[in-house]
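A.B. asks: here is my input; please provide its structure:
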Amino acid sequence: YSFQLLDMTHARPKIIDFNTADNFRLLDFGKPIRGSPSSSSGFEQHEGIQFQVSYPRNWTKETVPLVKYTGLQSVPEVAFYVPNKNVEVTISTERPGNIPLSKYFLQEVTSLQDAVSGYVFIDSGESSLGSLPAKKLLYTSDMIEGGTTYGRMKTMELVSIHKGISYFFVYRADESDFQKYLPVVQEMINSLVFKRI
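C.D. replies: Have a look, this model is predicted:
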């Protein structure tokens, strides 16, 4: 049987299929080691229209995400999250026109400062998204449900532009879980391949 449940953590409906055992597997990476999981059998491939990316097989993929975590206007293309945890990766895109990445990134940072509750800047700098140069932002924010703050999230956002399309790679997790999942998220970042369209 299948039916919808509302996950208040991410404010989006989920379809639960009780005929598949994978829905009941709990994810526990334990203490991650560099490159873990590293074999191709530990990852699935997501084929998007403009990019492809690998993601851990035991994460849930959502191809029509209902939330975006960017300050600027963007369209969420895909989201991956750890079941029963506040750990999520969302990839969004937009067509900003002919704008330098540095200027676009500053607009994104300003938008986030104005829009995110409890925003606290940690760091920013140069990075990469797959084979593309990118700008990186690290910050923390409040987790709010029903008007009540119940914790803190840590977010890493990578922004890049390729052939007139901007890419936002947003990794969000409970502050206490952020480092734990970072090695796997880094593998996802490294796996991104942008298509020629």
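A.B. asks: tell me the secondary structure for Lys46?
C.D. replies: Residue 46: His, not Lys. Counting by DSSP: H, G, I helix; E, B strand; the rest coil, the backbone at His46 sits in strand.
A.B. asks: hang on, isn't it packed against Val53?
C.D. replies: Yes. The criterion here is CB atoms under 8 Å, and His46 meets it with Val53 at 5.2 Å. Every C-beta, even on glycine, is put in place using the N, C-alpha and C of the backbone.
A.B. asks: pick out whichever of those two has more residues nearby.
C.D. replies: Neighbours per residue, other CB atoms under 10 Å: of His46 and Val53, the larger number sits with Val53, 24 against 18.
A.B. asks: so the more buried one belongs to a strand, correct?
C.D. replies: Yes. Judged by three-state DSSP, Val53 forms part of a strand.
A.B. asks: that one and Glu108, how far apart?
C.D. replies: 20 Å (CB to CB, to the nearest Å).
A.B. asks: again with Tyr150
C.D. replies: Applying CB to CB to Tyr150 and Glu108 gives a distance of 26 Å.
A.B. asks: also Val78?
C.D. replies: 19 Å.
A.B. asks: report the beta-bridge partner residues of the residue positioned nearest the centre of the chain.
C.D. replies: For the chain, Val89 is the residue whose C-alpha lies nearest the centre (CA atoms, centre = their mean; 1.9 Å). Judged by DSSP bridges, the bridge partners of Val89 are Phe80, Tyr171.
A.B. asks: ok, back up a step: the more surrounded of Tyr150 and Glu108?
C.D. replies: Set Tyr150 next to Glu108 and count neighbours by other CB under 10 Å: Glu108 wins out with 21 against 9.
A.B. asks: what are the buried residues along the host helix or strand of that one?
C.D. replies: Following DSSP states H and E, the helix or strand that holds Glu108 is helix 101-115. Of all the residues in helix 101-115, those buried under the rule 16 or more other CB atoms under 10 Å are 101, 104-105, 108-109, 112.
A.B. asks: next one: stretch 137-145
C.D. replies: 137-141, 143.
A.B. asks: dump it to CSV, restricted to CA.
C.D. replies: Provided in CSV are the C-alpha atoms of stretch 137-145 (Å, rounded to 0.1, in the frame of the first residue of the first chain):
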residue,chain,number,x,y,z
LEU,A,137,29.4,30.1,1.3
LEU,A,138,29.2,28.6,4.8
TYR,A,139,26.6,29.8,7.3
THR,A,140,24.3,28.7,10.1
SER,A,141,20.6,29.5,10.5
ASP,A,142,17.6,28.7,12.8
MET,A,143,15.4,25.7,12.4
ILE,A,144,11.9,26.9,12.8
GLU,A,145,8.6,25.0,13.0
